[in-house]
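Engineer: predicted structure and sequence below. I'll ask about it afterward.
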Amino acid sequence: GMVHAMVAICREHGFRGLWRGSFAAVPRTSVGSASQLTSFATVKELVVDLQGMVHAMVAICREHGFRGLWRGSFAAVPRTSVGSASQLTSFATVKELVVDLQVSSA
């Protein structure tokens, strides 16, 4: 077990033997810990945001009914449609140009 291994290492290499190889593990551990802590912070923020959104939806439903969730959508849909149409058209045009440049340079 772990205790047996620690005792055997201490007998053969001394107490400092427990730390042999740890210098090589520090970069891997640092990257792992950094990504774990960042992921935790991001997920925690998403959960808090989700709870806030659910709270807002419940408050709107209580005050204005279910139809209150759709207030303002009549004005938002045309704006979103125009924005999406221009974005998708731009994407398709740029993609076509990139493909043409790759074909002509080959």
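Structural biologist: Noted; the coordinates are in hand. Note that this is a predicted model, so its numbers are computed, not measured.
Engineer: pLDDT weak spots in the chain?
Structural biologist: 106 (pLDDT under 70).
Engineer: show me the helices in it, by range?
Structural biologist: Taking DSSP state H, the helices of the chain run over residues 2-13, 22-64, 73-105.
Engineer: mean neighbour count added to these, as CSV?
Structural biologist: For glycine as for every other residue, the C-beta is placed from the backbone atoms N, C-alpha and C. Listed next are the helices of the chain as CSV, based on neighbours: other Cβ atoms under 10 Å:
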stretch, mean neighbour count
helix 2-13, 10
helix 22-64, 10
helix 73-105, 10
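Engineer: roughly how far is stretch 92-101 from the heart of the chain?
Structural biologist: With Cα atoms, centre = their mean, to the nearest Å as the basis, stretch 92-101 stands 29 Å off its chain's centre.
Engineer: ugh, wrong one, I meant stretch 22-38
Structural biologist: 19 Å.
Engineer: next one: stretch 78-85
Structural biologist: Centroid separation between stretch 78-85 and its chain, computed with Cα atoms, centre = their mean, is 27 Å.
Engineer: okay, that stretch in PDB with CA atoms only?
Structural biologist: C-alpha atoms of stretch 78-85 as PDB (Å, rounded to 0.1, in the frame of the first residue of the first chain):
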ATOM      1  CA  PRO A  78     -37.000  42.100 -37.600                       C
ATOM      2  CA  ARG A  79     -33.800  43.400 -36.100                       C
ATOM      3  CA  THR A  80     -32.500  39.900 -35.500                       C
ATOM      4  CA  SER A  81     -33.500  38.800 -39.000                       C
ATOM      5  CA  VAL A  82     -31.600  41.600 -40.700                       C
ATOM      6  CA  GLY A  83     -28.500  41.000 -38.500                       C
ATOM      7  CA  SER A  84     -28.600  37.300 -39.200                       C
ATOM      8  CA  ALA A  85     -29.100  37.700 -42.900                       C
END
